[in-house]
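Engineer: Requesting a structural model of the entry that follows:
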Amino acid sequence: MTRPTVAIAIGRSNYPRMFSQAAWDMLDGFADVVHHDSPEPADHESLLSLLHNADGCVTSWGVAPLDEEIVTAAPRLTAMAHMGSSVKRFVSDAFWQREIQLTSAGITLARDVAETTLGMMIVGRKRIIPLSQNVRAGGWRESPTWDQWDARELTRSTVGIIGASNVGRHVISLLGNFEVEVLVFDPFLSEEDARELGVTKVDLPDLLQRSHTVSLHCPSLEATHHIIDGEALSMMRDDALLINTARGELIDEAALITELSKGRFFAFLDVMDPEPPAADSPLRSLDNVVLTPHTAGCIENCTRMGELAVDELRRHFAGEPPVYRITREMFDRIA
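Structural biologist: Residues are numbered from 1 along each chain as shown. Purely as a prediction, here's the structure:
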């Protein structure tokens, strides 16, 4: 039986970060491999030649989209395994018309984002950062900073999850160890699914008014643009913690700056709009917001994604169902 040919389009400089030896061994067990011989991800012209005789391909951040010209130049291509978060910009109408199987290894990335989110919840509720700065400045517990940002526990608090996405569901799972009440706002979440997750499905105002911690995990869509606007922010508790590890466009940043300037609540932002924030943005100077440079997902070691991407291709060529297939019909609900 002829072995399929799999093209790796992510650029050789990304190999150590994305592929473990186990992934390479698995790939070698069922396919012949062709490489994009450049340190950087394949651009449009490179894909034209790289995919010409490929039956499957592995893509990731920075690879050019598979537009009509590239799909036409790849007559044998039947499967694409993507490593990263959103797949939207990597495919085209021509891709779907050919019925090429698309899978995403982003479900493993969700674990990293969820773990970072949990860390932010714990550190944010304990007010670790402002209290540490206060101690550095010579203070201790008996100080204005302690009164303003008194340390609190995550345990037995109320956490609001906006979006029962892969990340949101991982966060919910991690919260199982903390005896918290979890509220979820997600129009696509059924009452039955909510019961299975052990959460309470609520509307957005209810979530904002009741939650000690509000964490965003929904995709950036027209319907979710500025879902957290001035009105929503005004509903939040004075002692709340707001976390965004999803997309910057979900929050009206001007309205957020206004509310943060009042000193009512604290925020951890891993994503902003725009990125990076302007050099003179108040977000850079307010003492009740922590900014991180879009690092909630895997940074150094993303090999779980490589292993899943390769296994998805193995499944495809063995006639087995994929673990996480992306269909055209799903695009209205994903990032």
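
Engineer: C-alpha only now, for contacts and for neighbours.
Structural biologist: Will do.

Engineer: Identify the residues contacting the residue lying closest to His225 once chain neighbours are set aside.
Structural biologist: In this structure, His225 finds its nearest non-sequential neighbour in Leu250, 5.0 Å apart by Cα to Cα, 6 or more residues apart in numbering. By Cα atoms under 8 Å, 6 or more residues apart in numbering, Leu250 lies in contact with 220, 224-228.

Engineer: One more pass at 6 Å, please.
Structural biologist: 225-227 (Cα atoms under 6 Å, 6 or more residues apart in numbering).

Engineer: neighbour-wise, which of these leads?
Structural biologist: When neighbours are counted by other Cα atoms under 10 Å, Ile227 leads these with 21 neighbours.

Engineer: tell me the contacts of it?
Structural biologist: Leu250.

Engineer: buried stuff in the host helix or strand of Ala23?
Structural biologist: For Ala23, the element it lies in under DSSP states H and E is helix 21-30. Neighbour counts over helix 21-30 (16 or more other Cα atoms under 10 Å) mark 23, 27, 30 as buried.

Engineer: hang on, Ala255 is in a helix, isn't it?
Structural biologist: Yes. Counting by DSSP: H, G, I helix; E, B strand; the rest coil, Ala255 falls inside a helix.

Engineer: neighbours around it, how many?
Structural biologist: Residues near Ala255, counting by other Cα under 10 Å: 18.

Engineer: So it sits against Gly230, correct?
Structural biologist: Yes. In this structure, Ala255 is within contact of Gly230 by Cα atoms under 6 Å, at 4.9 Å.

Engineer: Relative to Asp25, how far out is the residue nearest to His316 when sequence neighbours are not counted?
Structural biologist: Of all residues not flanking His316 in the chain, Pro322 sits nearest, at 6.7 Å (Cα to Cα, 6+ apart). Using Cα to Cα, to the nearest Å, Pro322 is found at 19 Å from Asp25.

Engineer: Now do the residue nearest to Lys201 when sequence neighbours are not counted: how many residues are near it, please.
Structural biologist: In space, and not counting its chain neighbours, Lys201 is closest to Val184: 4.9 Å by Cα to Cα, 6+ apart. Using other Cα under 10 Å, Val184 has 25 other residues around it.

Engineer: do Ile161 as well
Structural biologist: When neighbours are defined as other Cα under 10 Å, Ile161 has 29 of them.

Engineer: And the pLDDT for it?
Structural biologist: On pLDDT, Ile161 comes in at 98.

Engineer: Phi first, then psi, for it.
Structural biologist: phi -110, psi 120 (degrees, to the nearest 10).

Engineer: State the distance from it to Glu196.
Structural biologist: 15 Å.

Engineer: Repeat that for Ser13.
Structural biologist: 42 Å.

Engineer: same question, Asp55
Structural biologist: Computed as Cα to Cα, the Asp55 to Glu196 distance reads 39 Å.

Engineer: what's the answer for Gln133, then?
Structural biologist: Using Cα to Cα, Gln133 is found at 42 Å from Glu196.

Engineer: neighbour-wise, which of these two wins?
Structural biologist: Gln133 (13 against 9).

Engineer: The helix or strand just after the helix holding Ala23 packs against which elements?
Structural biologist: The element immediately downstream of helix 21-30 (helix or strand, assigned by DSSP H and E) is strand 32-35. Applying 3 or more Cα pairs under 6 Å, 6 or more residues apart in numbering; DSSP states H and E, one finds that strand 32-35 makes contact with strand 5-8.

Engineer: hmm, who's touching the strand it packs on?
Structural biologist: With contact meaning Cα under 6 Å, 6+ apart, strand 5-8 is reached by 31-35, 54-58.

Engineer: Try it again at 7 Å.
Structural biologist: Applying Cα atoms under 7 Å, 6 or more residues apart in numbering, the contact partners of strand 5-8 are 31-36, 50-51, 54-59.

Engineer: Relative to that strand, what are the paired strands and their orientations?
Structural biologist: Sheet pairing of strand 5-8 (DSSP bridges) gives strand 32-35 (parallel), strand 56-60 (parallel).

Engineer: Deepest-packed of the ones you listed, please.
Structural biologist: When you average the neighbours per residue for each of the strands paired with strand 5-8 (mean count of other Cα atoms under 10 Å), strand 56-60 leads with a mean of 25.

Engineer: From the chain's centroid, how far away is that one?
Structural biologist: Averaging C-alpha coordinates over strand 56-60 and over its chain gives two centres that are 19 Å apart (Cα atoms, centre = their mean, to the nearest Å).
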